[in-house]
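Peer 1: Fold the following and give me the result.
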Amino acid sequence: MEPNRPAQRRQKQRQQDPLKVLLIVLLLACFILLGIYLLKGKDPAPPPETATTTAPRTEPVKTEAPPDTEAPKTEPAIQAPATAAPTTTEPVPTDESWKLVLVNADHPLPEGFTVQLKALRNGHHVDERIYPELQQMFDDARAAGIYPLINESFRTAERQQEIMDKYIAGYEAQGMSHDEAVKKAHSVVAEPGTSEHQLGLALDIIAEFDADSTATWSWLKDNAWRYGFILRYPADKVDITGIDYEPWHYRYVGVPTAEEITKQGLCLEEYLNET
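Peer 2: Residues are numbered from 1 along each chain as shown. Below is the predicted model of the structure:
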């Protein structure tokens, strides 16, 4: 009698089912462990220049205050761009060099020099930048009973040459030789190109209603510096200026400079040499 084959197959299948389940469980466990391993192995790398990366060395940026200027202690110093001027707490000064241009026999008028002129009465002109102080000086003088009058102001080179020729002719008429007359004229009149009158900063001032200008010159000597003007050719500086004493000739240099020159008893050449 043959065995019951269907029954044997079912018995064999029941014996294999637990093995299949165990195999499936093991495979699932392997997949889970593999997934965990892969996830741990993909941690992001640290970003550049962190504790694990050495940054290249660079020189520290230096922020220096300008000489004799201390940065405010309550504010952080600001470094300006490379093309900008250093930041300071002081206002940027304007160019004041025009007030101190030296013009004499050794220092001719700067090449290409130009000036913006302000017209005054009687056909006179001055550098327009000195007009406010000049007007104030004349107003204050009149209030003090002094009545100044401008006798000479801005001159062109042609006008300067005319004056030079006039002086030379006058000295020759007195009996001097031409060379003597030229030498004498140069002591009182500047060659064209070497006269302060061509700057528009110089004035010859006399009394308006009196032939004697002594009182006017005395007032100017005491007060002109308050308005930025100096006696340009003092009697005791002839050997330095090369020009005879001219109590009528005043030159604008600005109030601070005029005060220092006047109180120290200097001429413009001495002041510029010292500063």
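Peer 1: all strands for this protein, in order.
Peer 2: 117-119, 125-127, 148-152, 202-207, 229-233, 246-252 (DSSP state E).
Peer 1: Show the contacting residues for P247.
Peer 2: P247 makes contact with S213, W217, K221, L231, according to CB atoms under 8 Å, 6 or more residues apart in numbering. (Each C-beta comes from the backbone N, C-alpha and C, glycine too.)
Peer 1: top of these by neighbour count?
Peer 2: L231 (23 neighbours; other CB atoms under 10 Å).
Peer 1: Bridged to it, which residues?
Peer 2: Y250 (DSSP bridges).
Peer 1: can you list the strands of the chain in a markdown table and add mean pLDDT and distance to G265?
Peer 2: A markdown table is the format used below for the strands of the chain (pLDDT from 0 to 100; distance: least, CB to CB, whole Å):
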| stretch | mean pLDDT | distance to G265 |
| --- | --- | --- |
| strand 117-119 | 97 | 31 |
| strand 125-127 | 98 | 26 |
| strand 148-152 | 96 | 23 |
| strand 202-207 | 97 | 20 |
| strand 229-233 | 98 | 10 |
| strand 246-252 | 97 | 15 |
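Peer 1: Distance to L23 for these - can I get that in a markdown table?
Peer 2: A markdown table is the format used below for those (distance: least, CB to CB, whole Å):
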| stretch | distance to L23 |
| --- | --- |
| strand 117-119 | 113 |
| strand 125-127 | 110 |
| strand 148-152 | 123 |
| strand 202-207 | 118 |
| strand 229-233 | 116 |
| strand 246-252 | 112 |
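Peer 1: Buried deepest among those, which one?
Peer 2: Ranked by mean neighbour count under mean count of other CB atoms under 10 Å, the strands of the chain are led by strand 229-233, which reaches a mean of 24.
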